[in-house]
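Chemist: I would like the atomic coordinates for the input below:
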Amino acid sequence: MSAKPDRVIVVDDDPELRSLLRRFLTEHGFDARAVDGGSALDREMSRTPADAIVLDLMMAGEDGLAICRRLRATGDLTPIVMLTARGDPIDRIIGLESGADDYLPKPFEPRELVARLSAVLRRTRGQIDKSTDETVTLGSLEINLSTRTVMRNGALLKLSTREFGLLAALLRSRGRPLSRAQLIDRALGRDAEVTDRAVDVQIARLRRAIGDGAGDAELIKTVWGVGYVLVSDGA
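Modeler: I've put the predicted structure just below:
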């Protein structure tokens, strides 16, 4: 039997672009749907959750950043590829800060969107080494690489897919510093269009999400001139 196609919802208030992307994604093996805004997305997601969302940044009413923040605030970690007409790197950082998993500036080749979606879905599925199925305990954190969950003092934490990817990459190299380039490669994918500054922003978000240094010794340390390292219980 053939594998079930990944379900992707395109959210854009431009009807022509919505139709083009839905048709193109369908032709490339996705189960694609297209809606014109946040309310329509909520209705579509309530019927059948998506495997990924393609989300336009600039929309009338609730824009892409607001939708992304709202989804993440509710604990929805569906991978999001943000589309924007803006090309300024600061807009890319803002999009990633809001919880997006990748960023694609307009105009773009539809084939690049297919590549980005495929990469995000591969990362999200977390092709995990089976030797790391057990839960790893670090201070008050319990990290399960198989289920992609993080607990702190018994409470489930809400991490975006990018944040968990960074944490997993640091955990697999515990005690060994990783450069920003290595983190991009191992956590975000070589095809991710991410700057060093964006990595710093994501690390800062990860630290806040796991409460790093709040009561426990700091686990994620900056290695100046190199990158970041995860240490055991602050050692």
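Chemist: quick one: the residue nearest the centre of the chain from residue 174, how far?
Modeler: Among the residues of the chain, the one closest to the centroid is residue 101, at 3.0 Å (CA atoms, centre = their mean). Noted for residue 101: a distance of 24 Å to residue 174, by CB to CB, to the nearest Å. Heads up, the C-betas are built off the backbone N, CA and C, glycines and all.
Chemist: picking that back up, nearest spatial neighbour of the residue nearest to the centre of the chain, chain-adjacent residues omitted?
Modeler: Counting by CB to CB, 6 or more residues apart in numbering, residue 101 lies nearest to residue 79, which is 4.6 Å off, once chain neighbours are set aside.
Chemist: now swap in residue 108 and tell me
Modeler: Counting by CB to CB, 6+ apart, residue 83 is the residue found nearest to residue 108 once chain neighbours are left out, at 7.6 Å.
Chemist: in the one helix or strand the one you found maps to, what counts as buried?
Modeler: Under the assignment given by DSSP states H and E, the secondary-structure element containing residue 83 is strand 80-84. Residues of strand 80-84 classed as buried under the neighbour-count rule (16 or more other CB atoms under 10 Å) are 80-84.
Chemist: who's in contact with it?
Modeler: Contacts with strand 80-84, where a contact means CB atoms under 8 Å, 6 or more residues apart in numbering, come from 12, 52-58, 64, 68, 71, 91, 95, 99-106, 108, 113, 116-117, 120.
Chemist: now swap in stretch 44-59 and tell me
Modeler: 6-14, 17, 21, 25, 33, 35, 37, 41, 63-65, 67-68, 71, 76, 78-86, 91, 95, 100, 113, 117, 120-121, 124.
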